[in-house]
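Enquirer: Fold the following and give me the result.
(chains A, B and C)
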Amino acid sequence: MMAQIDVTSASQDRPAMGVDLWWIPRGLVLGLLAFVIFGPLANLLLWTVAERWYFPHALPIDYGFSYWGRVFAPRGNATEALANSLTVAGLTVVVSLALAIPAGYALARLRLPFRAVILIAFLIPQAFPNLTVYVNVARLFYQLGLNGTIPGVVLVHVTHGLVYAVWIATAAFSAVDAELEEAARSIGAGALRAFLDVTLPLAAPGLLASAIFVFLESLDEFTGSYFVGAPDVNMLPLLLYTAGAGGNYQVASITALLLLVPSIGFMLVVERFLKSDVLSKVGR
Amino acid sequence: MSLIGHPIVPGGRFSRKTDMPTPALGLLLVLPALAVILLLFVVPLAASVAGAFEVGGGFGFGNFIKTFELYTSDILFTLMIVSLSTAIIGALAIAIGGYLTLGENPRAVALLRWLYRWPMFVPFIVVGQVLRTFLAKNGLMNNVLIGAGLITPMDATSFLDWRGIVIAFVWKQTPFVALLVAGAMASVDRGTLEAARNLGASRVRILLEILVPQVAGTLMVALVLSFVTMMSVLSVPLMINAQSPTMITADIAFRINAYGDYGVANALGVVSLIASAGVAWLYLRHSVKERA
Amino acid sequence: MQSLLKPALVASALTLGLAAAPASAAELTVITAGDQNMVDYVNQYLAPLFEKQYPGNTVRVVGTGPGDAGSQKIVERFEAQKQAGSTTWDTDVAVVHEKFVGPMITGAYLEAYRDKISTGKLVSRSNADMALGTKVTGYVMPMFNSQTAIAYNPALVPNPPKSYAELADWAKAHPKQFGYNGIKGGASGVSFVMGWIYAFGDGDANKLMNGPFEAAETKKWDAAFASLRDFTRNATLTPGNAGTLDLLSRGEIAMGPVWVDMFYSWQANGQLPPDFKLVLPAPGMPGQPMHYVIPAKSANKELAEKFVELATSPKVQAEGIVKRFNWYPGIDAQYVQPELDKATWDKLFIAITPEDLAKNGKPFPIAPYNSAILEAYERQATN
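Expert: From the prediction side, this is the model:
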C-alpha cells in the first residue's frame, strides 16, 4: 500500500536536475519498511549475543557468546543436525521437483478427469493440521522400516513440499504459450524434445521459485522430523523447537540464524543460476 | 533480474487438438506425485477423519456437535484472522511487485528488492518468538519508538492479541506472495506497459488495470497457498495470542495434549480442511470459468 | 530417481552401521519432554557421567518440547511402534510428565523396573506410586519434583499475598498486574486454575486429589468459576508458560504463576532480574514429578536400568538435580541432603521454605477431575 502511494506521487513529477525531492517520501516509506522488517530481525540478532536482558533495559545488559558454545557443544550435535537438515532439504527439493514437473505439466496442459480434486489433494498435507495424523504416519513408517532413515524423512517432507511444487509448477506450465511447443512439434521435434527444449526452459523460473519454498518448508519442518527422523536422524528444527517453545531465546535465536544462512544461500544460488540461464536465452 | 521470468496465468489452454492426448497419459504423469500424497498422507489421514465420526464405539456426529458447542467462536476467529491476513498480504504483494516493475528510480527499486524478502527465511516458531519480544508493551519496538522520541511511554501499547497474529502472518507471508507476483509482473510484455505510459496512464492505473489482471492467476495461487499455510500454523497463535478466542490449531493441540481427545481434535481438523479446500475450490472454479 | 536417492541410502546405511556397532558398546537413546534445560541436563551432566562409568557406551538425547505436548509426542511415538508391531523400540529411556504415565501403563508400553534397581527403595513419596489416580508403582522413578508458585517483582509487590484469597484481593486492587496463561498455553496456568478450585470450590479438595471420582463433585465449582471469570477479566492473559515469565521480565505484569524450575533457569539465563521472588500461596498449588520410564521393548533394557539407577542415586540427585539445575530432588530428601553442604541445600529453599512446600505443595487432581475442571473452564470461564 505504502509503496503504491509512492508510485503515485513519483509518477506525477519527473525529477528535474539537482536534488531529487522524491527521495523524501521514498526514504520515509523504505525506512518504515526497513524498520518493520529489520526491527524483529535485529531482535533475533541481539538475542544471539545477549547474556542478560530484562526490563527496564532497552538493550541487552551483557553481551557474549556463551550460548553459541552451548549450541555447538560436542554433545549438542548442532553441526550434525545442520548437515542432516541440509541433506534432507536438498533431496526434498530434487524429489519434489522430479514428481511435480510431470504432474504440473499434465495438470496444466493435458485433459484430466477430476482436475480440481487432484489439485486439492495436493493441498491436504498442508491443510489438515497434522498433529493427529502423525501417529498413523509414524506407524506406517515403522512398518516399512523407513523410521530413522534419511529417505523416510525426505518422503515426509516431500508430502509437504509437493503442495508448493505442484501448484506452482501447474501455474508455471499454464503460462507458457502452447503455440511455441506446437511450433517445435511442427518442425519435427518429438513430444519429449519439444518439452525439454521449449516448454521446460520457459517454465524453469517458476519451477525454481517453487524450489526455494520447498527448501524452506523442509528446513523448518518439525513434527515429521521428530516422528520419522529422531533419534537416528536428528534435524535442526528439533533443537529449535524445544528451545523456542520453552522460551530459551538465546538458543532459539542462534538456531534460527543457523537455518537462515543456508536458506539465503540457496536462494542466491538459484537466482544466480537463473540469471545466467535467462540471459543465455536472450541471444537466441 | 526476476525470479520468475514470465507471467503465470491460471489454467491451461485446451483449445488445440494437438494438445489433447488421451486422459491416460495425463493420469500417468500425475500418478507418481499423487501416489506419494495418497499413500503417505491421505491414507493415514483417512484413519484420523474416520476417528472424527467415532463416538463411543459407534459412528455419529457427537464430536462435531461438541466442536461447534465449544469452538464456534474460535473457528470464526480463525477464518477472520486468516482472511484478513490474506487480504493484507495480497495488497502489499501487489504494491511491492508493482513498484519493483514500474518504479522509475533504479536505486529505490534495488533497495526494495533487497529489503522485502528477509522475513521469508525465518521459521514460524521463531517468528512467534521475535514478534512476541518485539511487539510487547515494553518490547523492542516501543523501546525504539520511545528512544527516538516518537511516542511517550504512556502511549506504548501491546500488540499481543489478534493484531499480533495478523502482523506475524503478514510479516512472514508477504515476501512469499510478493516474490511470485513480482516475478510474474516482471515478465509482462514491456511494450504494452510502455504504450500505456505513452498514452498518459498513471502508474497506479497501469498497475491495477494492466499488470494485476495479467498476473491474477499467480496472485491467486500464491494467496491460496498462503491461506492454507496460515490455517495450519500452531506456534504463532500459541506464542503471540493469549486471549480467548484463539485459533483452531491451538484448540487441536489442547484437545490432544490435555484430554487425549482425538475425536474432537480430528473434527476440528476436518473443519479446517473444509475451509482450506473450500478456498481452493472457489479459486479453481473461478479459473475454470475464465478459461471457458 | 534411483541415483537421486543414492546419497540418502549411503547416509542411512552409515546411520545403521553406527547403530550396529559391537554389542558391548550400546547407544542408549533418551527421549525427554520438557524445556531446553532437560536436554541440557542430560547432555552436560548425566550422559558424560554415565559414559565414564560404563565405558564404551554412548548416550544420545532427543527433546520433544515443553509441556504436555512434549510428553504426548512420546506417548504417540510408543503407540505408533506398538501398532506397527516393532519388536524392539527406538527408545531406551523416556522422561515424561506424570500425567502421561497412566496412559502409558494402560497401553502396556512400559517395563516395571523399580524393584530391579538399588535406588528403587529411596523413594517413598506417594506420587511415585500414584499418578493422577492411576497406580504406577514399579514403572516409574521420579527424576525430580517440580512445583508451581507465584513469581513476583518485589519492586512492585513489597508484600506478596500469602493465600489465594489475598491474591484475588490484590489483583482486584491492581488491574492487569496479575498475569497467567489460561489453560491452553501450558501447565503453569492450568496449575493456577486447579489451585483456584482447591481454594474456592465448594467440594472437597482432597477428594479431587485422591479420588474417588464422583460426577456429583463436578457440579460444585460454579461459584468458583464465576469468580475466576471476573478475576480473569481483570488479569492479563499471557502467551504460554514462557509468556508469563516474558511479561514479568519486561515489567508488564507484577505477578504470575510459573514453574519453579523454569523460573530459576530464566534467572540463570539472564532473562529475568535476579531479585524476582517466588511465593506459594495457601491452600496450595499443584506440582508434579517428571518420571523416568523404560519401554518394555527397549533394545538395551539392562543398560537403561543402569542409567536410571545412576540418575536417581543420592550423589547425582544432589550434584545434578539440586546443585546444578535447582530442581527439588526426585528421591526422598533425607538421602540427598547429606550429600550437600548446608548453603547449597538452603539455596533451594530460599523463596519457598520446606514447611511451605510440605503444606502447600499439592498434587494435580486425578485424571477425570482434571479433565472435568479444564472443560468446565472452557465452558464457564472463557466462553
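
Enquirer: contacts and neighbour counts: CA atoms only from here.
Expert: Noted.

Enquirer: Skipping its backbone neighbours, what lies nearest residue 141 in space?
Expert: Here I'm looking at chain A. In space, A:F141 comes closest to A:N147 once its chain neighbours are excluded; the distance is 5.4 Å by C-alpha to C-alpha, 6 or more residues apart in numbering or on different chains.

Enquirer: Please refer instead to chain B.
Expert: B:M141's closest residue in space is B:F134 (C-alpha to C-alpha, 6+ apart), at 5.4 Å.

Enquirer: neighbours around the one you found, how many?
Expert: As a burial measure, B:F134 scores 25 neighbours (other C-alpha atoms under 10 Å in any protein chain shown).

Enquirer: Which other helices and strands does the longest helix seen in chain B contact?
Expert: Longest among the helix segments of chain B by residue count, using DSSP state H, is helix B:62-102. Helices and strands touching helix B:62-102, by 3 or more C-alpha pairs under 8 Å, 6 or more residues apart in numbering or on different chains; DSSP states H and E, are helix A:2-11, strand B:54-55, helix B:106-115, helix B:162-186, helix B:212-231, helix B:248-254, helix B:262-291.

Enquirer: Redo those as a markdown table? Include mean pLDDT.
Expert: Shown next, in a markdown table, are the helices and strands packed on helix B:62-102 (pLDDT from 0 to 100):
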| stretch | mean pLDDT |
| --- | --- |
| helix A:2-11 | 42 |
| strand B:54-55 | 78 |
| helix B:106-115 | 91 |
| helix B:162-186 | 92 |
| helix B:212-231 | 92 |
| helix B:248-254 | 91 |
| helix B:262-291 | 87 |
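
Enquirer: These: which one's closest to B:A46?
Expert: With C-alpha to C-alpha as the measure, helix B:262-291 is the member of those nearest B:A46 (10.4 Å).

Enquirer: near chain A at all, that closest one?
Expert: Yes: Helix B:262-291 reaches chain A (C-alpha under 8 Å from any C-alpha of the partner chain) through B:Y262, B:A265, B:N266, B:G269, B:V270, B:S272, B:L273, B:S276, B:A277, B:A280, B:W281, B:L284.

Enquirer: so what does that helix touch, helix or strand wise?
Expert: By 3+ C-alpha pairs under 8 Å, 6+ apart, helix B:262-291 packs against helix A:115-127, helix B:43-52, helix B:62-102, helix B:212-231, helix B:248-254.

Enquirer: which strand is the longest one in chain C?
Expert: In chain C, taking DSSP state E as the definition, the longest strand is strand C:141-152.

Enquirer: about what we covered before: and the helices and strands packed on helix B:62-102 as TSV, adding mean neighbour count?
Expert: TSV is the format used below for these (neighbours: other C-alpha atoms under 10 Å in any protein chain shown):
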stretch	mean neighbour count
helix A:2-11	19
strand B:54-55	16
helix B:106-115	14
helix B:162-186	25
helix B:212-231	23
helix B:248-254	24
helix B:262-291	20
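
Enquirer: I'd like those written out as CSV, with distance to C:L357 added.
Expert: CSV is the format used below for those (distance: least, C-alpha to C-alpha, whole Å):
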stretch, distance to C:L357
helix A:2-11, 58
strand B:54-55, 42
helix B:106-115, 54
helix B:162-186, 38
helix B:212-231, 43
helix B:248-254, 29
helix B:262-291, 36
